[in-house]
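**Q** I would like to see how this sequence folds:
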Amino acid sequence: MKNPFYHFLMTFLMTSFAFAQSKQSGTVKQIDKEFGKIIASNAEPEKVASGLVFTEGALWHSGGFLIFSDIPANRIYKLVGNGQVEVFMEKSGYSGKDSPSGEIGSNGLGYDQEGRLLLCQHGNRQLVRIEKDGSQTVLVSHYQGKRLNSPNDVVCRKDGTIYFTDPSWGLEKNSNKPQREVSFNGVYRYANGQLYLVDSTLAKPNGIALSPDQRILYVADISKKWFAYDLNKDGTVKSKRLFFDASSINNIGHMDGMKVDTKGYVYATGPDGVMVFSPKGKYIGAIQFAEIAANVGWGDKDGKTLYATCQTGVYRIRLKNKGLRYVK
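**A** Predicted coordinates:
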């Protein structure tokens, strides 16, 4: 017969250990009761990978695993389970024969309308598409004859229109300091083989995402603001407006990547963790991982797990809504 006290003690210790682990992995912060629509009261962040350099670009692969960039390592890794990672691609952002230090690897990852992988390459200063046979096609490397800064994040509409941000982060943090040619930090639209400038007025645009109906383009800026661009049917910009101003929030975190779920809620890394906004731009809560989150992405079979690339680790948390994933 089992000792009741022993059973109680072991249960208590296991529960306490799980609670401590969850606290080590992060916390959930509710701002508005609407937050309960997207996250369960018992949802807890979980750390699933560690020992990396600086992670970015979380993206679910159709093969059933997560891939993500490690920018200084110049690699894309895949998460194979039990905290183990394997190299998915070498020289993901810089293909030169020398070995400069700094942020030279791939940053944001995405898919085009045919499910082909898109890479924002810092070191090579270009946007690349990986073809079905594994070869690489350079989509964009110059604007009006001048080399781009360092493409940062990317999203694609169902009609094939690609939007990406091009701040100078990669140039500033690359030890060989390549010469800057474009004088601004831009937001771009690539359609029908042509590159168009969407906005040249932001301080440093970073994360980028589309609404479920693909009529709104969201862009994060280092100025602690998110902007929304209302789009015409052909993907051109109709108007620009402020989506949310986080200037008054002084917690630890950066304006970086973002994603959207199928209900239109926006999940954006910012000065209060991964901040969650209603489709109308109301701040309703945050997921604060143990490390500062650089980007997020939807994963697992049902698309209801939010993965976060956070400095040296990768984290995840289960949510109620399914995320928008552009995977064939």
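
**Q** so after the strand of greatest length in the chain, what's the next helix or strand?
**A** Longest strand of the chain, by residue count under DSSP state E: strand 237-245. Per DSSP states H and E, the first helix or strand lying C-terminal to strand 237-245 is strand 258-260.

**Q** Which neighbouring elements make contact with the helix or strand just after that next one?
**A** Using DSSP H and E, the helix or strand that follows strand 258-260 towards the C-terminus is strand 266-270. For strand 266-270, the helices and strands in contact under the criterion 3 or more CB pairs under 8 Å, 6 or more residues apart in numbering; DSSP states H and E are strand 205-210, strand 216-221, strand 225-231, strand 258-260, strand 273-277, strand 295-299. Backbone N, C-alpha and C define where each C-beta goes, glycine included.

**Q** hmm, who's touching the second one?
**A** Contact with strand 216-221 is made by 155, 163, 165, 187, 198-199, 202-211, 226-231, 237, 243, 255-258, 260, 266, 268-270, as judged by CB atoms under 8 Å, 6 or more residues apart in numbering.

**Q** Derive a ChimeraX selection command for the buried subset of these.
**A** Here is the ChimeraX command that selects only those of the contacts of strand 216-221 that count as buried (16 or more other CB atoms under 10 Å):
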select :155,163,165,187,198,199,202,204,205,206,207,208,209,210,211,226,227,228,229,231,237,243,255,256,257,258,260,266,268,269,270
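
**Q** got a list of what Q194 touches?
**A** No contacts exist for Q194 under CB under 8 Å, 6+ apart.

**Q** does it have beta-bridge partners, and which?
**A** Note on Q194: beta-bridge partners by DSSP bridges are A191.

**Q** Quick one: residues contacting the one residue sitting closest to the centre of the chain.
**A** Residue closest to the average C-alpha location in the chain (CA atoms, centre = their mean): N295, at 3.1 Å. Counting by CB under 8 Å, 6+ apart, N295 touches 56-58, 108, 153, 207, 256-258, 269, 308-309.

**Q** Dump these to TSV, plus distance to G281 and pLDDT.
**A** Listed next are the contacts of N295 as TSV, based on distance: CB to CB, whole Å; pLDDT from 0 to 100:
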residue	distance to G281	pLDDT
E56	25	97
G57	25	96
A58	24	97
G108	23	98
D153	20	98
G207	15	98
D256	18	96
G257	18	97
M258	13	97
T269	16	98
A308	22	98
T309	25	98
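
**Q** Turn the residues you listed into TSV, including distance to Q144.
**A** Listed next are the contacts of N295 as TSV, based on distance: CB to CB, whole Å:
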residue	distance to Q144
E56	28
G57	27
A58	32
G108	23
D153	22
G207	25
D256	27
G257	27
M258	28
T269	31
A308	36
T309	32
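
**Q** Between the residues you listed, which sits nearest S248?
**A** S248 has its nearest neighbour among the contacts of N295 in T269, at 17.4 Å by CB to CB.

**Q** For the closest one, name its beta-bridge partners.
**A** Assigned bridge partners for T269, using DSSP bridges, are V274.

**Q** Dump the helix or strand harbouring Y188 to CSV, restricted to CA.
**A** Secondary structure assignment for Y188, by DSSP H and E: strand 186-191. The C-alpha trace of strand 186-191 is given here as CSV (Å, rounded to 0.1, in the frame of the first residue of the first chain):
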residue,chain,number,x,y,z
GLY,A,186,12.7,51.5,-45.9
VAL,A,187,9.6,49.5,-46.1
TYR,A,188,9.2,47.9,-49.6
ARG,A,189,6.7,46.1,-51.8
TYR,A,190,7.9,43.6,-54.4
ALA,A,191,5.3,42.7,-57.1
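
**Q** Can you give me the buried ones in that strand?
**A** Buried-residue list, strand 186-191, by 16+ other CB under 10 Å: 186-191.

**Q** quick one on the thing from earlier: possible to save the helices and strands packed on strand 266-270 as TSV with distance to K91?
**A** Output for those, formatted as TSV (distance: least, CB to CB, whole Å):
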stretch	distance to K91
strand 205-210	23
strand 216-221	27
strand 225-231	33
strand 258-260	26
strand 273-277	30
strand 295-299	21
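
**Q** Which one of those lies nearest to G323?
**A** Of all the helices and strands packed on strand 266-270, strand 295-299 comes closest under CB to CB, at 2.8 Å.

**Q** circling back to that earlier point, who's in contact with the strand holding Y188?
**A** Here strand 186-191 makes contact (CB under 8 Å, 6+ apart) with 127, 139-140, 143, 149, 160-166, 195-200, 202, 205, 208, 219, 235-237.

**Q** where do the helices sit along this protein?
**A** For the chain, the helices defined by DSSP state H occupy 4-25, 169-172.
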